[in-house]
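Undergrad: Fold the stuff below for me.
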Amino acid sequence: MTPSYDLTLKIQSEHITLGIILLDSQHSVLGFKRLFDGNILSASFYRREVVKAALNANASTVITTHYLSNSDLEPGGTDKALIKGLKTALEAVHVQLLDHLMIGGGESVSFEATLAAC
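TA: Numbers count the residues shown, from 1 in each chain. The predicted model follows:
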């Protein structure tokens, strides 16, 4: 179960934006970092940059965010593969991926909650 955070992410963009919420071992928020921007068709995503951001912040846990300019928040096959690869990369450096939040159209969807419901 993902803890509740009193954190407002105000990302004003017409682009797809990928970011990371950095957490300590007690799941207290250390910060937020916007990592990648893309267009409606694609966004470049490099696992090493996510790992580097987590290590630089001394985060033991992270939540990734995926801001969409539309309201289609259902994770697809590409999203699932991306998160699986990212989870593996973070585990290699002892950082836990707690969740992946899809944000758009004034709503958000928890990737972990969506998988648990399947």
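
Undergrad: What's opposite Met102 in the beta bridge?
TA: Note on Met102: beta-bridge partners by DSSP bridges are His66, Val109.

Undergrad: thinking it is in contact with Glu112, fair?
TA: No. Between Met102 and Glu112 there is no contact, the gap being 11.3 Å when judged by CB atoms under 8 Å. No exception for glycine: its C-beta is placed from N, CA and C like everyone else's.

Undergrad: Which of those two has more residues huddled nearby?
TA: Legend: neighbour count by other CB atoms under 10 Å for Met102 and Glu112, higher for Met102 (21 against 16).

Undergrad: what does the helix ranked longest in the chain contact?
TA: Once the chain is assigned using DSSP state H, the helix that runs over the most residues is helix 77-91. With CB atoms under 8 Å, 6 or more residues apart in numbering as the test, helix 77-91 has contacts from 45, 47-48, 50-51, 54, 62, 64, 66, 75, 96-97, 100, 102, 111.

Undergrad: Please flag which of those residues sit within strands.
TA: When DSSP state E is applied, these are split such that Val62, Thr64, His66, Gln96, Leu97, His100, Met102 fall in strands.

Undergrad: Low-confidence bits of the protein, can you list those?
TA: 1-16, 38-44, 69-73, 75-77, 114-118 (pLDDT under 70).

Undergrad: please redo it, this time with the cut-off set to 80
TA: Where the chain drops to pLDDT under 80, the residues are 1-17, 36-45, 66-80, 103-109, 111-118.

Undergrad: The nearest residue to Ala57 once chain neighbours are set aside and Leu98, how far apart?
TA: Take Ala57 and drop its neighbours on the chain: the residue closest to it by CB to CB, 6 or more residues apart in numbering is Leu22, 4.3 Å away. According to CB to CB, to the nearest Å, Leu22 and Leu98 sit 11 Å apart.

Undergrad: more crowded one of the two?
TA: Leu22 (22 against 17).

Undergrad: Tell me which residues touch that one, please.
TA: Here Leu22 is in contact with Val29, Leu30, Gly31, Phe32, Lys33, Ala53, Ala54, Ala57, Ala59, Val62 (CB under 8 Å, 6+ apart).
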